[in-house]
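In: Following is a predicted model, sequence given first.
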Amino acid sequence: MLNSLKGPKVAEQWDVYLTSEVDQWLNDLEKSDPESYVLVNQAIWILACHGPAEGRPLVDRIRGSTLHNLKELRPGSSRRSEVRILFVFDPWRSAILLIAGDKSGSWRTWYEEAIPLAELRYAEYVADRKKESER
């Protein structure tokens with residue numbers, strides 16, 4: 001379900017994992033909008049380096065979720081898109097990128113659809129981690 005984002009290690013760097021859906025979205029973005037792809041990857045790198053200490057304008061808390069620690073990564077983009085990536089920091093010192101997309105033109109409805117999906121993906125992730133630890 002998850003893919004790891006690897007790069008040079010920095011002191012206290014957080015691991016970043018992507019759901020397969022986010023990984024596919026990034027692959028599609030690389031082909032359709034290479035400039036935004038670079039900006040998104042830069043934002044993910046900053047997130048990995050700073051962890052929960054990173055704040056606005058790059059990271060903001062999501063309101064209206066059952067997950068008190070659901071956040072959004074708000075990278076720049078090269079066009080009229082408004083890229084958002086919903087993520088969570090888990091208890092194992094990892095950032096889990098749960099859902100990604102372009103919310104331009106769908107400011108409210110994007111969150112109405114994305115938040116429940118992010119909550120579901122995180123619940124699946126936690127269940128998988130618990131199964132792994134029981135082995």
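Out: Sure, I can see it. Predicted model, so just to flag it, every value in this text is computed and none were measured.
In: How far does the helix or strand where Asp128 lies sit from its chain's centre?
Out: In the assignment (DSSP states H and E), Asp128 maps to helix 107-134. Relative to its chain's centre, helix 107-134 lies at 11 Å (C-alpha atoms, centre = their mean, to the nearest Å).
In: in that helix, what counts as buried?
Out: Applying a neighbour-count criterion of 16 or more other C-beta atoms under 10 Å, one finds 110-111, 114-115, 118-119, 121-122, 125, 129 buried in helix 107-134. From N, CA and C alone the C-beta is placed, and that goes for glycine too.
In: Can you tell me the strand partners of the lengthiest strand in the chain and which way each runs?
Out: Assignment by DSSP state E gives strand 94-102 as the longest strand of the chain. When pairs are called by DSSP bridges, strand 94-102 turns out to pair with strand 15-19 (parallel), strand 83-89 (antiparallel).
In: among these, which is nearest His68?
Out: Closest to His68 of these is strand 83-89 (C-beta to C-beta; 9.8 Å).
In: Would you mind writing the CA trace of that closest one as CSV?
Out: In CSV, the C-alpha atoms belonging to strand 83-89 read as follows (Å, rounded to 0.1, in the frame of the first residue of the first chain):
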residue,chain,number,x,y,z
VAL,A,83,-2.2,21.4,-5.2
ARG,A,84,-3.0,19.9,-1.8
ILE,A,85,-1.7,16.7,-0.2
LEU,A,86,-3.4,15.5,3.0
PHE,A,87,-1.1,13.7,5.4
VAL,A,88,-0.6,12.6,8.9
PHE,A,89,2.4,12.1,11.2
